[in-house]
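Asker: Just to be clear, the model below is a prediction. Sequence and coordinates:
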Amino acid sequence: MEIKILGTGCPKCKTLEKLTREVVEQNGIDATVIKVEDIVDIMNYGVMMTPALVVDGKVVVKGRVPSATEILKLITR
């Protein structure tokens, strides 16, 4: 599984990255977590508000930081 955190480096983006990495590690999920900071790459996903969470190429959350429980649900569908 490939998980991308889209964000330019704002506090919310950093929080989403930290939470996502913790959820993946704590639950033993086999996933690669990648931080995408390039604005052109972010816009290519159709995201205008960061942070955003992308799971296997699909944007599942944008413009907010979901809870750890929500992140777990989104990446284990």
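Answerer: Great, that's in hand.
Asker: Longest helix in the protein, by number of residues?
Answerer: helix 11-26 (DSSP state H).
Asker: Just the buried residues of that one, please?
Answerer: 13, 16, 17, 19, 20, 23, 24 (16 or more other CB atoms under 10 Å). Heads up, the C-betas are built off the backbone N, CA and C, glycines and all.
Asker: Which residues does stretch 19-28 contact?
Answerer: 3, 5, 29, 31, 33, 53, 65-68, 71-72, 75-76 (CB atoms under 8 Å, 6 or more residues apart in numbering).
Asker: What subset of those residues is buried?
Answerer: Among the contacts of stretch 19-28, those buried by neighbour count (16+ other CB under 10 Å) are 3, 5, 31, 33, 53, 65, 66, 71, 72, 75.
Asker: For the third one, give me its contacts.
Answerer: Going by CB under 8 Å, 6+ apart, residue 31 touches 1, 2, 3, 24, 75.
Asker: Okay, the first one and residue 12: tell me how far apart.
Answerer: Read that as residue 1. If you measure residue 1 against residue 12 using CB to CB, to the nearest Å, the figure is 23 Å.
Asker: same check, this time on the last one
Answerer: Taking CB to CB as the measure, residue 75 falls 18 Å from residue 12.
Asker: One more: the second one?
Answerer: Computed as CB to CB, the residue 2 to residue 12 distance reads 21 Å.
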